[in-house]
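Engineer: Pasting a predicted model and its sequence here:
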Amino acid sequence: MIRASLLLCCLATPAFAAEKVPAPTYFVSTVMETSTAQMLAVRCSTLSIHLGKAALRSESVLVQLTKDGFEPSNLEDQMQDPSADVAVLQDAFVAKHNLRGTVTEDQICAAGQIEIAEGTGIGELLLGVAQ
């Protein structure tokens, strides 16, 4: 009886009881927008990352994660891998801008400029730069 009680107590501790939860939608969106904006900026010579807005976005997400009970320094132990959800959003982006197959720098730059003009989450992280 004592062993059973001790075992139940041990299993009820956070280290054993905590199951990973799905990544919050705002986290998935931010990961997708940030990684996509970076990819566009790397592949287009007339785009750059707006570092100030990127930093503010990251800070905002970390604050929200903390409010939601996550420990930002240890997310991988607390939430499920968001890669599949991010991939769905990235596929939608690729389809929206017809970026499948062989893609030119002009197409990538145009996609970035559209995102900027539309004021999307991706566009807010981008800056147009002169060559």
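Structural biologist: Structure's in. What do you need? In this text the structure is predicted, and so the values were computed from the model without any measurement. Residues are numbered from 1 along each chain as shown.
Engineer: Could you use CA atoms for every contact and neighbour count after this?
Structural biologist: OK.
Engineer: Tell me the secondary structure at the closest residue to residue 82 other than its chain neighbours.
Structural biologist: By the measure of Cα to Cα, 6 or more residues apart in numbering, the closest residue to residue 82 outside its immediate chain neighbours is residue 23, 5.9 Å from it. Using DSSP: H, G, I helix; E, B strand; the rest coil, the structure places residue 23 in coil.
Engineer: Can you check the pLDDT for residue 23?
Structural biologist: Here, the pLDDT recorded for residue 23 equals 95.
Engineer: And for the one 5 residues further on?
Structural biologist: Per-residue confidence for residue 28 comes out at a pLDDT of 96.
Engineer: Please tell me how far the residue nearest to residue 82 sits from residue 66.
Structural biologist: Counting by Cα to Cα, to the nearest Å, the gap from residue 23 to residue 66 is 13 Å.
Engineer: Looking at those two, which is more packed in?
Structural biologist: With other Cα atoms under 10 Å as the criterion, residue 23 and residue 66 differ in neighbour count, and residue 23 comes out ahead with 19 against 13.
Engineer: next one: phi and psi at the residue nearest to residue 82?
Structural biologist: When read as degrees, to the nearest 10, the backbone of residue 23 gives phi -70, psi 140.
Engineer: Please apply the same query to the one 4 residues further on.
Structural biologist: Main-chain dihedrals, residue 27, degrees, to the nearest 10: phi -70, psi -50.
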